[in-house]
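**Student:** I would like the atomic coordinates for the input below:
(2 chains)
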Amino acid sequence: GAGVSQTPSNKVTEKGKYVELRCDPISGHTALYWYRQSLGQGPEFLIYFQGTGAADDSGLPNDRFFAVRPEGSVSTLKIQRTERGDSAVYLCASSLTRGPSYEQYFGPGTRLTVT
Amino acid sequence: GNSVTQMEGPVTLSEEAFLTINCTYTATGYPSLFWYVQYPGEGLQLLLKATKADDKGSNKGFEATYRKETTSFHLEKGSVQVSDSAVYFCAPRGNKLVFGAGTILRVKS
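**Tutor:** Numbering: from 1, shown residues only, chains lettered A, B, ... in the order given. Prediction:
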């Protein structure tokens, strides 16, 4: 079956602009996660959804970052007033439900470059 | 919250050598433990997992045992191949994964 998909695969934007990154999880997966991976580092948790609600957004770095999942499937990560430090690969993952024993399946990521 | 410390890399080995990548964690509660692998140019893939103490996860010749008493989940493989060259991440999981910095493995033929 189809895995987690993310669009766009690459996004170049100018400092100060607004961007949206999309994630399409595996069908039937109720939990959806966003991570950010900077060069040479491990992925860093941003936010996760159980269904439509954000169950934990403690990893969002500041109020320029926001994510939604209005129908409990596709999610969009929104970044306002982008800064050069936001440049990273943004990873989305989904799992059947939340809970420690459930595997998270990762998408290929969106590489964001802020110039 | 959970945290993890991984062996620093890069680790460079010759083909058929024995591999150990150390991983220790701190956690509240009883997390599951995962090893993820990122091959060059590819996305993160689950390599193996263990969900409770003394469980051994295994896949593709790799093994790791969940050691609650030492809070460790070291990754081992008896004979590495060039195709194992990748970045390996240890990650305890409560509701979310907490990743280590990753260990680069380079295997030379």
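**Student:** Skipping adjacent residues, who's closest to the residue in chain A positioned nearest to chain B in space?
**Tutor:** Of all residues in chain A, residue A:42 sits closest to chain B, at 3.4 Å by Cβ to the nearest Cβ. Every C-beta, even on glycine, is put in place using the N, C-alpha and C of the backbone. If you skip the residues right next to it in sequence, residue A:42 has residue B:99 as its closest partner in space, 3.4 Å away by Cβ to Cβ, 6 or more residues apart in numbering or on different chains.
**Student:** Now do the SS call for residue B:83.
**Tutor:** helix (DSSP: H, G, I helix; E, B strand; the rest coil).
**Student:** ok, now which ones touch the closest residue to it other than its chain neighbours?
**Tutor:** Closest residue to residue B:83 apart from its sequence neighbours, by Cβ to Cβ, 6+ apart: residue B:107 at 7.8 Å. Taking Cβ atoms under 8 Å, 6 or more residues apart in numbering or on different chains, we find residue B:107 in contact with B:12, B:13, B:14, B:15, B:17, B:80, B:81, B:82, B:83, B:84, B:85.
**Student:** swap in residue B:3?
**Tutor:** B:25, B:26, B:27, B:98.
**Student:** how far does stretch B:59-69 sit from the chain's center?
**Tutor:** 8 Å (Cα atoms, centre = their mean, to the nearest Å).
**Student:** List the contacts of that stretch.
**Tutor:** Under Cβ under 8 Å, 6+ apart, the answer for stretch B:59-69 is B:23, B:33, B:35, B:47-48, B:50-58, B:73-79.
**Student:** would you list every one of the strands in chain A?
**Tutor:** Listed in chain order, the strands of chain A (DSSP state E) span A:5-7, A:10-13, A:19-24, A:31-37, A:44-50, A:53-56, A:65-68, A:75-79, A:88-95, A:105-106, A:110-114.
**Student:** should've said chain B
**Tutor:** Counting by DSSP E, chain B has strands at residues B:3-6, B:11-14, B:19-21, B:23-26, B:32-38, B:44-50, B:56-59, B:62-65, B:75-77, B:86-93, B:103-108.
**Student:** could these go into CSV alongside mean pLDDT and distance to residue A:49?
**Tutor:** Listed next are these as CSV, based on pLDDT from 0 to 100; distance: least, Cβ to Cβ, whole Å:
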stretch, mean pLDDT, distance to residue A:49
strand B:3-6, 91, 23
strand B:11-14, 97, 36
strand B:19-21, 97, 32
strand B:23-26, 94, 25
strand B:32-38, 94, 20
strand B:44-50, 94, 19
strand B:56-59, 97, 27
strand B:62-65, 98, 29
strand B:75-77, 98, 30
strand B:86-93, 93, 16
strand B:103-108, 97, 30
